[in-house]
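Novice: Predicted model and sequence below, questions to follow.
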Amino acid sequence: MLARRRSSRLPPNIRVPRRQAWPRNACVACSRSPQAEVRSVSDSSTSVADTTPDAGVAERLRITEIFHSIQGEADAIGWRTVFVRLTGCPLRCVWCDTEYSFYGGNWRDIDDIVAEVASHGAKHVCVTGGEPLAQKRCQILLRKLCDAGFDVSLETSGALDVSEVDARVRKVMDLKAPDSGEARRNLWSNLDHLLPHDQVKVVIASRADYEWARDKVAEVGLDRRCMVLFSPVHGAVQPRELAEWIIEDKLPVRFQLQLHKLLWNDEPGH
Ligand SMILES: Nc1nc2[nH]cc(C(=O)O)c2c(=O)[nH]1
Ligand code: SF4
Ligand SMILES: [Mg+2]
């Protein structure tokens, strides 16, 4: 259907409010909170705004959801895990499966988040998004979760600097392949901050993505730094096809399927 011209049948003195148009890379986590001042943060690959609380105001984060499930990915797959999904992402991967985390969410005190996580009685916590590092205070949450004794992992896009992430956190860092539409955002200097317990994940949407990822692993010696995971995009690459490419090329990478999609068919909250 063709779009109707706005307000064509309204009297001239009545104005229809424009729908808010979000810039492609806008990030809701970056929008102003009532008690916070906005600070611009930029690095070589991206530019996002962050919020810094006024003195005396509790440290807060914008949160889309907290839920208790089974870890569906990476090294801790299968463990009962509490997920803390932070709101906002400055990227727009073509195949993103969590677009609902781009906007909305609620401001939550970091200490309340830690208490809610603890209430589930799970050892593992996964901080995800969105892009959790788009909110600078994510670093405080990660530190407090580690201090509280949790086994903490962080799902991050690889586009934002990970050098300040607490060394106790297991980083699960994406390397964006060309078909994601966001490969230019890969912050290659992040590779220097990977620890042996971290993981690099490449989500593969085509044979071209696969060859790109295979060549990158060899070029930068990725498998010597940490575990490398190759994961097919649901509906774009047959899992068996990707598995057979990996076998054929004898790659030093770990094939993975998202367990939670098999169990819960990608419903939010799982
Ligand atoms: N069960 C489950 N495991 C996950 N591992 C990483 C997830 C994510 O959304 O980052 C995720 C998720 O959303 N659900
Ligand atoms: S970085 Fe993650 S949350 Fe952001 S658009 Fe890409 S897949 Fe979605
Ligand atoms: Mg998910």
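Specialist: Okay, I see it. Ligands and ions are numbered 1, 2, ... in the order given.

Novice: need the contact list for residue 148.
Specialist: With contact set as Cβ atoms under 8 Å, 6 or more residues apart in numbering, residue 148 has these partners: 114, 118. For glycine as for every other residue, the C-beta is placed from the backbone atoms N, C-alpha and C.

Novice: run the last query once more with 10 Å
Specialist: With contact taken as Cβ atoms under 10 Å, 6 or more residues apart in numbering, residue 148 is in contact with 114-115, 117-118, 125.

Novice: Now the buried members of the residues you listed.
Specialist: Neighbour-count burial (16 or more other Cβ atoms under 10 Å) applied to those gives 114, 117, 125.

Novice: roughly how far is stretch 193-205 from the heart of the chain?
Specialist: Centroid separation for stretch 193-205 versus its chain: 13 Å, with Cα atoms, centre = their mean, to the nearest Å.

Novice: How about stretch 136-146?
Specialist: For stretch 136-146, the distance to the chain centre is 15 Å (Cα atoms, centre = their mean).

Novice: before we move on, what about stretch 238-248?
Specialist: For stretch 238-248, the distance to the chain centre is 25 Å (Cα atoms, centre = their mean).

Novice: From the rest of the structure, what touches that stretch?
Specialist: The list of residues contacting stretch 238-248 from outside it, by Cβ under 10 Å, 6+ apart, reads 204, 207, 209-211, 214, 230-233, 237, 251-257.

Novice: 6 Å instead?
Specialist: 210, 232, 255, 257 (Cβ atoms under 6 Å, 6 or more residues apart in numbering).

Novice: which of those residues lies closest to residue 76?
Specialist: Set against residue 76, the nearest of the contacts of stretch 238-248 by Cβ to Cβ is residue 257 (15.0 Å).

Novice: Relative to residue 203, how far out is that closest one?
Specialist: 12 Å (Cβ to Cβ, to the nearest Å).

Novice: tell me how far the one helix or strand residue 118 maps to is from the chain's mean position?
Specialist: Element membership of residue 118 [criterion: DSSP states H and E] is helix 110-119. Centroid separation for helix 110-119 versus its chain: 20 Å, with Cα atoms, centre = their mean.

Novice: name the helices or strands packed onto that helix?
Specialist: On a contact count with 3 or more Cβ pairs under 6 Å, 6 or more residues apart in numbering; DSSP states H and E, helix 110-119 meets helix 138-147.

Novice: hmm, who's touching the helix or strand just after the helix it packs on?
Specialist: Moving toward the C-terminus from helix 138-147, the next helix or strand (DSSP H and E) is strand 151-156. By Cβ under 6 Å, 6+ apart, the surrounding residues in contact with strand 151-156 are 123-128, 133, 145-146, 169-173.

Novice: Strand 151-156 pairs with which strands, parallel or anti?
Specialist: According to DSSP bridges, strand 151-156 forms sheet pairs with strand 124-128 (parallel), strand 170-174 (parallel).

Novice: With respect to residue 141, which of the contacts of stretch 238-248 is nearest?
Specialist: residue 257 (28.6 Å).
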